[in-house]
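Q: Compute the structure for the input listed below.
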Amino acid sequence: MLKKMLTMNFIALFTLSTISYVWAGNGAPSGSHYNLNIIGVPKGKQADMTGSSGHRIFVNLYGKSKIMLREGADFQVLNANGTFGAAEFQLPNPDPDNDGITVYSVYARALGKPGGSSSMTTCAVDPLTLEEYCSTKSVISVRHKGGSKFTDVSSQLLYIYADINADGVVERLNLFDDRLADYFWSYDNKGLKLLQLRFYPISTIVE
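A: Model prediction:
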């Protein structure tokens, strides 16, 4: 019941806005959205960045960083420092019924100096065995020369595709599914200075 209530605002917004959305030349829908910049920095930041409520998260320019995901009624950066410990990002449950139709969608594009790349994967932990599961799907972002276009990465960032029962069958679990806990994005950076994410109140149908 709580998860249903947390997404009511986005369901209402989706109903009102879906018809008016058109796709812009940069590959993303044209309309209201929440913007999140994941910024790669060469040196770790020691400052406390909890409660900063900005639209950016700092990660290591090279190597792995962790962004913990917290369920909430809206989008909000809770801790912007992913270079020292784990960053924290709040977002609503994207698919409470796990029917493969999202309440909102995520689009991503690589920006900054050409040449960098990153891999971003959704992971979680089995609350009983403490075994970590990471999705078989990842967002691979490469900064090429010239313009950069958005792509829909909802299936990669809002779900985990994994065999959690060891039965040889890969299952689809939406973010915050009760079968797993401590959801996070594992961010493996190879010099990408900026990954831009946009969250739109429109649906994506995933497999």
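
Q: Point out where this protein drops to low pLDDT.
A: Low-confidence segments of the chain, defined by pLDDT under 70, span residues 1-25, 44-53.

Q: Let me see the ranges of the helices in it.
A: Along the chain, the stretches classed as helices by DSSP state H are 2-6, 8-17, 154-157.

Q: Check the offset of the last one from the chain's centre.
A: Helix 154-157 has its average C-alpha position 7 Å from the chain's average C-alpha position, going by CA atoms, centre = their mean, to the nearest Å.

Q: what do you get for stretch 156-176?
A: With CA atoms, centre = their mean, you get 16 Å for stretch 156-176.

Q: Run a quick neighbour tally on residue 88.
A: By other CB atoms under 10 Å, 22 other residues sit near residue 88. (C-beta placed from N, C-alpha, C; glycine too.)

Q: Which residue, other than its chain neighbours, is closest to the residue positioned nearest the centre of the chain?
A: Nearest to the geometric centre of the chain sits residue 157, at 4.3 Å (CA atoms, centre = their mean). Leaving aside its chain neighbours, residue 157 sits nearest to residue 106 (5.1 Å; criterion: CB to CB, 6 or more residues apart in numbering).

Q: For the one you found, list each beta-bridge partner.
A: residue 199 (DSSP bridges).

Q: residue contacts, it?
A: Counting by CB atoms under 8 Å, 6 or more residues apart in numbering, residue 106 touches 152-154, 157-158, 197-200.

Q: try 6 Å this time
A: Contacts for residue 106 (CB atoms under 6 Å, 6 or more residues apart in numbering) come out as 153-154, 157, 197, 199.

Q: Output these as JSON lines; include the columns distance to residue 92.
A: Below are the contacts of residue 106 laid out as JSON lines (distance: CB to CB, whole Å):
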{"residue": "153", "distance to residue 92": "17"}
{"residue": "154", "distance to residue 92": "13"}
{"residue": "157", "distance to residue 92": "13"}
{"residue": "197", "distance to residue 92": "15"}
{"residue": "199", "distance to residue 92": "9"}
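
Q: for stretch 66-85, which positions count as buried?
A: 67-69, 75-84 (16 or more other CB atoms under 10 Å).

Q: likewise stretch 197-207?
A: For stretch 197-207, by 16+ other CB under 10 Å, it's 197-204, 206.

Q: Then stretch 103-114?
A: In stretch 103-114, counting by 16+ other CB under 10 Å, buried: 103-112.
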